[in-house]
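Chemist: pasting the sequence and the predicted model now:
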Amino acid sequence: QVQIEERGGGSVQTGGSLNLSCALSGVINCGYVMTWYRQTPGKEDEFVSSIDSDGNTNIADSMKGRFFISRDNAKPAMYLQMNSLSPEDTATYSCKARTACKGVNQMHWGQGVQVTVSS
């Protein structure tokens, strides 16, 4: 059974940093794409970053230079280091994973973690 574990988030002041992690379990010999996206009330969901089982990584252009991705292929897990945070980064950050195990494609959702940046 595939499970998502999200960690991190919290409250910081402008200019601060936070680290988020998203780890999958139950995906041995499966393909996967893991994505961080963020949600703000009244706005569309915004893509933040992704990794996949082929070794690809991707991060939103608007966040490059402030947000950095690292990964642990063994778990697998995706780590998002967020620097120089501003109030505009305040959102619920959620991890979702699309998995392909033995020909079966599934989508899995994390519960989300809150990031609050105060001015």
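Modeler: All right, it came through fine.

Chemist: list the buried residues of stretch 89-102.
Modeler: Buried residues in stretch 89-102, defined by neighbour count with 16 or more other Cβ atoms under 10 Å: Asp89, Thr90, Ala91, Thr92, Tyr93, Ser94, Cys95, Lys96, Ala97, Thr99. All C-beta spots, glycine's among them, are computed from the backbone N, C-alpha and C.

Chemist: host element of the residue positioned nearest the centre of the chain?
Modeler: Geometric centre of the chain, nearest residue: Trp36, 2.7 Å, by Cα atoms, centre = their mean. Per DSSP states H and E, Trp36 falls inside strand 31-39.

Chemist: partner strands of the helix or strand following that strand, parallel or antiparallel?
Modeler: Beyond strand 31-39 in the direction of the C-terminus, DSSP H and E gives the next helix or strand as strand 46-52. According to DSSP bridges, strand 46-52 forms sheet pairs with strand 31-39 (antiparallel), strand 57-59 (antiparallel).

Chemist: how about the strands in the protein?
Modeler: Assigned by DSSP state E, the strands in the chain fall at 3-8, 10-13, 18-25, 31-39, 46-52, 57-59, 67-72, 77-82, 91-101, 104-109, 113-118.

Chemist: as a markdown table, those strands with mean pLDDT would be great.
Modeler: Output for the strands of the chain, formatted as a markdown table (pLDDT from 0 to 100):
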| stretch | mean pLDDT |
| --- | --- |
| strand 3-8 | 95 |
| strand 10-13 | 98 |
| strand 18-25 | 95 |
| strand 31-39 | 96 |
| strand 46-52 | 96 |
| strand 57-59 | 96 |
| strand 67-72 | 94 |
| strand 77-82 | 96 |
| strand 91-101 | 95 |
| strand 104-109 | 94 |
| strand 113-118 | 98 |
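
Chemist: quick one on the thing from earlier: quick one: which of the strands paired with strand 46-52 is nearest Met82?
Modeler: Nearest of the strands paired with strand 46-52 to Met82, taken as Cβ to Cβ: strand 31-39 at 9.9 Å.
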